[in-house]
Every structure is written in C-alpha cells, then in structure tokens.
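> give me a model of this one.
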Amino acid sequence: METFTFDNTTSSAYGLIISEKNIYSAPARAMEFVSVPGRNGDVIIDQNRFENINVSYTVGCKDIKNKAKSIKTWLCKSGYFRLTDSYQPLYFRMAAFASKLDISELINNVGQANLIFNCKPFMYSFAGQNKTTLTSSGTITNPESYDSQPYIKITGSGSVTLTINSKAYLINSISSYIELDSELMSAYKGSTLCNDKIGFTEFPILTPGSNSISWTGSVTKVEIIPRWR
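Have a look, this model is predicted:
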C-alpha cells in the first residue's frame, strides 16, 4: 500500500488510503519577462531561484468520525516538516500543510479529503543528511544534479580561511568553533550569531561531482552535512 509520511507519522497510522496523488510536478523557476521597445522578444530577468511547489494526496478513510480530529491535529501545524512518499523512500521534501482541510463523509462513516502540502522546491536525499568529518584536506562528492547548500562546522581558533573548489571563505576570531549554514545564509555558534566574523556574502556551495576542501589556520576538524538535493 502506498503511503506518505509527514512529521515522522505515516498516513497508514490513521488508516488513510491514497486514491490519487500529484508528486511529480517540477517547480517553476522565478523569472521576469520584460518587454523592451524596439526589441523583438522579451528579456528574461532570472531571479536565480525556484518557487515552492504543491504536493497533493486524495485520501479516503474509514471511521472518519473518530479519526477526523486526530488527522487535523497531525496536519494542521505551523512550519516546515519532512514529507516522504513510499514511492521515493530515499528522498524527502520540506513541507508545510497550509491549505484548508475539508473532510467530507461519503457514506457509512467513510471520509474523503484532498491534502495539499506547500513544499520547498527541492527534494533532499536522506544520504545527504549524514555528516562527513575532515581532519585534513580532502574531497566530498555531490551525487545529485544541483548545487547543495551545506551546513559546515569548523572547530579551531583564530583566523581561518576555508577553501572549497578554489573559492576562499575567510572567518575571523574563531573561539572553539563556528557554524556556517548556507541555506540560512548565516554564521553562528550555538544560539549566538557570528555574521560579523565572516568575510564573505556568498556562502559555500557543493557543486555536482567532486568538491575539493582545504583550509589554512588553526583547525582541528571540519564537519559537513552536505544536504544533497
């Protein structure tokens, strides 16, 4: 039986049976088309990002009178959570259930609903959530087709230059460690922001294929969660 899992709970836990789903659409690339007088064809202004995408499931459920409240509590919460489909068990999306939840009773306490999740544009691999630790220069291979935005923890002290694929990232005055989150575009140490300690505005990315990683300065180790997508 096909299922989906949202926030660590599988649809089968509520007896949901999937009759239809839309999980295969690709997100739209955010672009603006501008008409220029005297020029044939519009000029494309690429915003270099993808828009969110909707993933939906049409489900049926027996004994809906007793299950409706629990289903609403499970789905109707604020924030992004992992959404996984049994058809694609190696990947997950970051999804928010932001639509109105209408559950209709068809007959004899059998309910039906269309569940719509608002998802970030990329699918992430579970393998990309594993941590790689480097104690000396090395490489890390991105097996996917898109750049990833990693989480990087540098343990060391003083001024350090991290180099990824010949691009240098200067960090000043490290005390014990510093964390770089390329998805959030932020540097921090625990709950303390450290953006004043970095000498760059474009955060590290890991391109498809092999990525060389090295550094200068007093560094004990570099830990990377690559977030392949």
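> list the residues that contact Phe4.
Phe4 makes contact with 10-11, 18, 21, 57, 83-86, according to C-beta atoms under 8 Å, 6 or more residues apart in numbering. C-betas here are computed from N, CA, C, even on glycine.
> ok, of the residues you listed, which one's closest to Ala187?
Nearest to Ala187 out of these is Leu83 (C-beta to C-beta; 28.8 Å).
> contact partners for the closest one?
Leu83 touches 4-6, 55, 92-95, 117, 119, counting by C-beta under 8 Å, 6+ apart.
> dump those residues into CSV; add distance to Lys197 and pLDDT as well.
Converted to CSV, the contacts of Leu83 look like this (distance: C-beta to C-beta, whole Å; pLDDT from 0 to 100):
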residue, distance to Lys197, pLDDT
Phe4, 41, 97
Thr5, 38, 98
Phe6, 37, 98
Val55, 38, 95
Phe92, 32, 97
Arg93, 33, 97
Met94, 28, 97
Ala95, 34, 97
Phe117, 37, 97
Cys119, 33, 97
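> the protein: helices as residue ranges?
For the chain, the helices defined by DSSP state H cover 64-75.
> in it, what residue sits furthest out from the centroid?
Ranked by distance from the centre of the chain (C-alpha atoms, centre = their mean), the top residue is Gly38, with 42.3 Å.
> go through stretch 83-96 and flag the buried ones.
Using 16 or more other C-beta atoms under 10 Å as the test for burial, stretch 83-96 gives 83-85, 91-96.
> got those as a markdown table, with distance to Ile171 columns?
Formatted as a markdown table, the buried residues of stretch 83-96 follow (distance: C-beta to C-beta, whole Å):
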| residue | distance to Ile171 |
| --- | --- |
| Leu83 | 34 |
| Thr84 | 35 |
| Asp85 | 39 |
| Tyr91 | 32 |
| Phe92 | 31 |
| Arg93 | 32 |
| Met94 | 27 |
| Ala95 | 33 |
| Ala96 | 33 |
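> hang on, the earlier thing: and the residue farthest from the centre of the chain, what are its phi and psi?
Taking degrees, to the nearest 10, you get phi 80, psi 0 for the backbone angles of Gly38.
> next one: it from Met31, what distance?
22 Å (C-beta to C-beta, to the nearest Å).
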